[in-house]
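Peer 1: Next comes the sequence, and after it the predicted model I'd like to discuss.
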Amino acid sequence: MVTPVWTHFELAKSALQNGKHVFVEKPFTSTSQQAEELIELADRNRLKIMVDHTFLFTGAVRKIRQLVDDSTLGDIYYYDSTRVNLGLFQHDVNVVWDLAPHDLSIMDYIIQEKPEAVVATGGKHVNGLADVAFITVYFPRNVIAHVNVNWLSPVKVRTTLIGGEKKMLVWNDLEADEKIKVYDKGVQIANGKGVYELLVSYRSGDVWAPRVEQSEALKVELEYFIDCVLNDRTPINDGPAGLRVVKILEAADQSLTERGKIVPL
Ligand SMILES: NC(=O)c1ccc[n+]([C@@H]2O[C@H](COP(=O)([O-])OP(=O)(O)OC[C@H]3O[C@@H](n4cnc5c(N)ncnc54)[C@H](O)[C@@H]3O)[C@@H](O)[C@H]2O)c1
């Protein structure tokens, strides 16, 4: 269903009760309780739920996942995304629920760890809903993610930095070609004998732009949905994946209301 967020739960519930598989836009639901209810209903009726986490089907995100899986980047240190533009103001959700589902679903797919806590700050300036937000997500082993979403930016920016132990990556989704650049840069610390003998060495090697598939993400995604239904496969963007994103959105909202209070997940 490609309808406003507040309608997702009732429409998906009705479809599942009538024996239909469901393809639902992001964010999956307005609350995690609704998401849990739909997942349970789908399981009981042996039906599929697929949440439109569109970016997982782009050549860029698939390439990044490949660079993580084949250890090109090494252990991930951080994920830092900027997704800002002017508008489009939504009536029923704030900027966090509108834009951050993209980053949170990508993060979930790339980092592949259960997040531990969320901190969010932001502000409402125009229509009573947060229109600027800075969200930090803490993962185990010091992996940290940061997402900057903003409806009040004069320019559109879609840039993600991923820092790894072995390589660092910049993904600029607005680039037509060379969306991803991988930098052979890094820092190594060696301890000398005394306290003041910390030896820092910087590595600055090659930069390369891996080839990124140019296929239409939504087409790839819908073919995948049909395949999952026909062959009884579990989609990577299934109900539980949608729920994981909704839980972070809820925590971000709570933290935002309490001016950056840390909210455990
Ligand atoms: N995946 C993406 O990249 C992406 C991009 C944009 C929007 N979205 C998502 O798509 C959804 C729709 O966003 P939009 O900006 O197109 O919203 P919108 O307000 O333009 O509404 C889309 C349609 O829903 C219909 N609609 C409204 N209430 C309905 C109801 N109760 N029953 C049936 N139809 C109803 C409207 O008539 C309209 O045609 C949202 O969940 C949004 O988050 C996803």
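Peer 2: Yes, it's here.

Peer 1: alpha carbons only for contacts and neighbour counts from here, please
Peer 2: OK.

Peer 1: Against which helices or strands is the strand or helix carrying Leu199 packed?
Peer 2: Applying DSSP states H and E as the criterion places Leu199 in strand 198-208. Contacts defined by 3 or more C-alpha pairs under 8 Å, 6 or more residues apart in numbering; DSSP states H and E place strand 198-208 against strand 180-191.

Peer 1: Tell me, how many residues neighbour whatever residue of the chain ends up closest to the ligand?
Peer 2: Distance from the ligand to each residue of the chain (C-alpha to the nearest ligand atom) is smallest for Thr3, at 3.6 Å. Using other C-alpha atoms under 10 Å, Thr3 is surrounded by 11 other residues.

Peer 1: In a helix, it, correct?
Peer 2: No. Thr3 is assigned coil when assessed by DSSP: H, G, I helix; E, B strand; the rest coil, not a helix.

Peer 1: next one: phi and psi at it?
Peer 2: Per-residue torsions, Thr3: phi -130, psi 170 (degrees, to the nearest 10).

Peer 1: residues contacting it?
Peer 2: The contact partners of Thr3, taken as C-alpha atoms under 8 Å, 6 or more residues apart in numbering, are Glu25.

Peer 1: Now with 10 Å, please.
Peer 2: Residues counted as contacts of Thr3 (C-alpha atoms under 10 Å, 6 or more residues apart in numbering) are 11, 24-26.

Peer 1: Just those residues: which are in helices?
Peer 2: Among the contacts of Thr3, the ones falling in helices (DSSP state H) are Leu11.

Peer 1: ok, and the most crowded of the contacts of Thr3?
Peer 2: Lys26 (27 neighbours).

Peer 1: what is the closest residue to it other than its chain neighbours paired to in the beta sheet?
Peer 2: Using C-alpha to C-alpha, 6 or more residues apart in numbering and skipping the chain neighbours, the partner closest in space to Lys26 is Asp52 (5.3 Å). Beta-bridge pairing for Asp52 (DSSP bridges): Glu25.

Peer 1: Val2 is in contact with Asp52, correct?
Peer 2: Yes. Under the criterion of C-alpha atoms under 10 Å, Asp52 makes contact with Val2 at 9.3 Å.

Peer 1: and for these two, which residues touch both?
Peer 2: What both Asp52 and Val2 touch, as defined by C-alpha under 10 Å, 6+ apart, is the set 23-26.

Peer 1: Greatest separation within those residues: which pair is it?
Peer 2: Within those, Phe23 and Lys26 form the most distant pair, 9.8 Å apart (C-alpha to C-alpha).

Peer 1: any common contacting residues for these two?
Peer 2: Both Phe23 and Lys26 are contacted by 1-2, 50-52, under the criterion C-alpha under 10 Å, 6+ apart.

Peer 1: pLDDT for these - can I get that in a markdown table?
Peer 2: Formatted as a markdown table, those follow (pLDDT from 0 to 100):
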| residue | pLDDT |
| --- | --- |
| Met1 | 88 |
| Val2 | 95 |
| Met50 | 98 |
| Val51 | 98 |
| Asp52 | 98 |
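
Peer 1: just curious, which of those is nearest to Val132?
Peer 2: For the shared contacts of Phe23 and Lys26, the nearest to Val132 is Asp52 (23.4 Å; C-alpha to C-alpha).

Peer 1: Burial check on that closest one, number of neighbours?
Peer 2: Neighbours around Asp52, by other C-alpha under 10 Å: 25.

Peer 1: could you list every residue that touches it?
Peer 2: Each residue near Asp52 by C-alpha under 10 Å, 6+ apart is listed here: 1-2, 23-28, 101-102, 105, 218, 221-222, 237-238, 242.

Peer 1: try 6 Å
Peer 2: 24-26 (C-alpha atoms under 6 Å, 6 or more residues apart in numbering).

Peer 1: Could you dump those into a markdown table and include distance to Glu178 and pLDDT?
Peer 2: Listed next are those as a markdown table, based on distance: C-alpha to C-alpha, whole Å; pLDDT from 0 to 100:
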| residue | distance to Glu178 | pLDDT |
| --- | --- | --- |
| Val24 | 31 | 98 |
| Glu25 | 28 | 98 |
| Lys26 | 27 | 97 |
